[in-house]
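Q: A structural model of the following input is requested.
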Amino acid sequence: MQTPPTPARARRRWIPVLGLTLLSPVAAEYLIGYGDTIGRPKELLAGLLVLGPLYGTVAVLIREAVRRTGRGWPSMLLLGLAFGLIQAGIIDQSLFNDDYRDVPDWQETLRPTFVPGLGISAAMALNFLVGHMVWSFCAPVAVVEACVPRLADRPWLGRTGLIVLPLLYLAAAALIYQDHLRTEHFTAAPAQTAGTAAVALALGAAAFALPRRRPAERPAGTRAPAPWVVACCAAVALAVHQNVPPTWPGAAADAALLTVLGALLLRWSGRTGWGRKHVLAASGAALMVNALLSFVVEPLGHPSVAAKFATNAAITLGVMALLGWAHRSLRRHVATP
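A: Numbers count the residues shown, from 1 in each chain. Below is the predicted model of the structure:
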């Protein structure tokens, strides 16, 4: 019979929960530096009080569901995609809004690939959904798990956490939705909301329909590439994804490139030698792509150049320090008998 965790162990498991709750919104909203609070540290910190429950609790719950059911990264990605669809299609409704928060160039980005029957832009939908799946949820999960490799496959939440975190998420989602209704002159059509919910449920069902993880039968003589090769491939593909023009050829090329990257990672993960360092390499590359792009992104709030670059540099250095810590943690974990 499994003994209940001691208070010390329970506290240790709350450390990665807190870390993921903070890293997820930073990666989702602050890392690439487009928001109107860039350059205002107090507002950035205050924003985490809402964005932490909105993004971080979802990242923790996705990770908890996958690890408790013994599934792997394909399930994690599908759940990230499902919650990204809920975020963009139901909560803030940016997926369907043709003039979201008076963002400059919104129309120019939306119109070239607009699909009238669905009321969405194909290029923007790809950007939103991949952005949430990778940066809001899955990359932060991978990085935080690498920081605590001994706890990476274990549940982090007890009974209290499984009750509190969903309530925090629902409260934050309701707050953002109410703010949308108060400030925007747009509401998604019932068919759009129902369709979004149906697709999200289908993605969630697919995530749990995938088989549980089993020891991989890896063919002899096939080794996974070095982690730096994985990092380079992920960085190139994701950098292109973030910079393709919002046109039909651009969206098609983007989808094809992301498919190739996914196929490569899936193929490599079945080879001898694949491990947590490879997962960290791919997720760390994703975070660093957005961190470096932040220096050339023009924020919505038009802060001073000094404030913008100081914020970008501080967040980038923080991410680099976190990735260094994760790498050292994995190395110590492997070296420990």
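Q: can you show me the strands along the chain?
A: Secondary structure of the chain (DSSP state E): strands at 114-115, 120-121.
Q: turn those into a markdown table, columns for mean neighbour count.
A: To be clear about C-beta, it is placed using only N, CA and C from the backbone, and glycine gets the same treatment. Converted to a markdown table, the strands of the chain look like this (neighbours: other CB atoms under 10 Å):
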| stretch | mean neighbour count |
| --- | --- |
| strand 114-115 | 12 |
| strand 120-121 | 23 |
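Q: what's the longest helix along the chain packed up against?
A: In the chain, taking DSSP state H as the definition, the longest helix is helix 305-335. In terms of contacts (3 or more CB pairs under 8 Å, 6 or more residues apart in numbering; DSSP states H and E), helix 305-335 is packed against helix 139-147, helix 276-293.
Q: chain center to stretch 109-122, what's the gap?
A: Taking the mean of its C-alpha atoms, stretch 109-122 sits 24 Å from the chain's own mean (CA atoms, centre = their mean, to the nearest Å).
Q: what residues does that stretch touch?
A: With CB atoms under 8 Å, 6 or more residues apart in numbering as the test, stretch 109-122 has contacts from 95-96, 98, 123-124, 188-189, 192, 246-248, 251.
Q: so for that stretch, mean pLDDT?
A: Stretch 109-122 comes out with an average pLDDT of 94.
Q: which positions within that stretch qualify as buried?
A: By neighbour count on 16 or more other CB atoms under 10 Å, the buried set for stretch 109-122 is 109-110, 112-113, 119-122.
Q: and if you look at stretch 226-233?
A: Buried, per 16+ other CB under 10 Å, within stretch 226-233: 227, 230-231, 233.
Q: could you do stretch 286-305 as well?
A: Quick answer for stretch 286-305 (16+ other CB under 10 Å): 286-294, 297, 299, 303.
Q: same question for stretch 31-42.
A: Here stretch 31-42 shows 31-35, 37-40 as buried, counting by 16+ other CB under 10 Å.
Q: what of stretch 318-331?
A: 319, 322-323, 326-327, 329-330.
Q: distance from that stretch to the middle of the chain?
A: Worked out by CA atoms, centre = their mean, stretch 318-331 lies 18 Å from the chain centre.
Q: since that was my last question, I'll sign off now.
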